Structure formats: structure tokens, C-alpha cells
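Undergrad: Build the 3D model from these lines:
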Amino acid sequence: MPDQPRFLLLGEILRPHGVKGELKIRVLTDYPERISELETVYLSDSPDDENAPGYRVEHLRRQNEYGLLKLREVKTREQAEALRELYVMVALEDAVPLEEGEYFIYQLIGLSVQTVEGYDLGTLTDVLETGANAVYVVDSPTYGEILIPVIAQTIVQTNLEARTVIVRLPEGTLPRS
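TA: The predicted model follows:
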């Protein structure tokens, strides 16, 4: 089982917005509305920073696909400018609880991917978030990089204890040999 991270990504600060310390962020969570409900978020240039400082959330409002985040400690455009390109994170214990059958990306990376027929495809190395559905990126010694859509017809079983994902591949997913 992978080590649990201390923080999960919520967004990335792009630039200041206005003159009162508001931050324009690229939203990296499926639950952006939850950010306003958080007491504290953490900012750092690395999602692996165990000592990221906390900031109190005043509000988050949406602007198209972006968020405008206001933190209580950030009162001026200059203070906001100093936070450019930092990640906005939530402590794992404050994250939205997952529904049955949902997983955090850190839990999926490194899982072995196998077909329903028992063929070992390779290792799950990344999860791409697309508009329609997520896509698993599998590093395969036989086929190179395989992209597998994360849809009910494709993902048969995810077993974190066994560290496996069982898939039923759509026709044409693998190159012909």
C-alpha cells in the first residue's frame, strides 16, 4: 500500500486577481465548492511538502473553469503576487470522503493492470482527468503506453489490497501484433 500523503491537491495559484489579495487558481479537484467550507488550506511549491504553511479560507467563487480564492492572511495584490505558482492543498483528514468505488489518485498509482483473461498489461502510472471520463495511463513492457478509459464497461475491479485493477479492454485499445 502506498504511503498516505499529508495533503491532496485542490488547485494551483495562477496569479493575483484584483487589488485586495484574491487569487486566481486552476481548480484541480472534483469538489471545488468544498473549498469555501474548509477552515484551512495549505500552500507550497511542492505537493509533497510536509510542512506547508496553513492559510484560513475566506471564500472561493467560480469564474468559468477557474476559482477566485480569498485567504484571510492575504490582503494586498503584492502579498498575492508572492504566492504565484504555489499549490493549494487540503489536509488528507479534511478531504471529501469518497463514495464506495472511488479512489484517490495516489492509491491507484503503481497498481498492476490485468485483463479479465488474466493477461498482465503493466503498471498504472498516471490518471488523466478529461472532460468526459478519467483515463488510466498504463506502462506496458509489451505495448508501451496504453490509455484505458475509466468507464463502467472497462474497469471491472479495483482491489487496493491485492494492488490490481482488472480491465475489459475496448476493441482496438491494444495495437495489433
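Undergrad: Please count neighbours and contacts with C-alpha atoms only from this point.
TA: Will do.
Undergrad: In a strand, Lys24, correct?
TA: Yes. According to DSSP: H, G, I helix; E, B strand; the rest coil, Lys24 belongs to a strand.
Undergrad: That one - how many residues pack around it?
TA: 25 (other Cα atoms under 10 Å).
Undergrad: For this protein, which segments count as helices?
TA: Along the chain, the segments classed as helices by DSSP state H run 77-81, 105-108.
Undergrad: Show me the one of the ones you listed that comes nearest Arg56.
TA: With Cα to Cα as the criterion, Arg56 lies closest to helix 77-81 of the helices of the chain, at 14.0 Å.
Undergrad: what pairs with Arg15 across the strands?
TA: Assessed by DSSP bridges, Arg15 has beta-bridge partners Lys24.
Undergrad: Quick check: buried residues in the helix or strand of the chain at the bottom of the mean pLDDT ranking?
TA: Within the chain, no helix or strand scores below helix 105-108, which has a mean of 90 by mean pLDDT, DSSP states H and E. In terms of neighbour count (16 or more other Cα atoms under 10 Å), helix 105-108 has its buried residues at Leu108.
Undergrad: same question, stretch 58-75
TA: For stretch 58-75, using 16+ other Cα under 10 Å, the buried residues are Glu58, His59, Leu60, Tyr66, Gly67, Leu68, Leu69, Lys70, Leu71, Val74.
Undergrad: do the same with stretch 149-163
TA: So for stretch 149-163, counting by 16+ other Cα under 10 Å, buried means Pro149, Val150, Thr154, Ile155, Thr158, Arg163.
Undergrad: ok, and what's touching that stretch?
TA: With contacts defined as Cα atoms under 8 Å, 6 or more residues apart in numbering, stretch 149-163 is touched by 1, 101, 107-108, 110-112, 116, 133-136, 148, 164-170.
Undergrad: what do you get if the cut-off is 6 Å, keeping everything else the same?
TA: Applying Cα atoms under 6 Å, 6 or more residues apart in numbering, the contact partners of stretch 149-163 are Leu111, Ala134, Val135, Val165, Ile166, Val167, Arg168, Leu169.
Undergrad: quick one on the thing from earlier: would JSON lines of the buried residues of stretch 58-75 with pLDDT and distance to Ser46 be doable?
TA: Below are the buried residues of stretch 58-75 laid out as JSON lines (pLDDT from 0 to 100; distance: Cα to Cα, whole Å):
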{"residue": "Glu58", "pLDDT": "95", "distance to Ser46": "23"}
{"residue": "His59", "pLDDT": "94", "distance to Ser46": "23"}
{"residue": "Leu60", "pLDDT": "94", "distance to Ser46": "22"}
{"residue": "Tyr66", "pLDDT": "92", "distance to Ser46": "20"}
{"residue": "Gly67", "pLDDT": "93", "distance to Ser46": "20"}
{"residue": "Leu68", "pLDDT": "95", "distance to Ser46": "21"}
{"residue": "Leu69", "pLDDT": "96", "distance to Ser46": "19"}
{"residue": "Lys70", "pLDDT": "97", "distance to Ser46": "21"}
{"residue": "Leu71", "pLDDT": "97", "distance to Ser46": "19"}
{"residue": "Val74", "pLDDT": "97", "distance to Ser46": "20"}
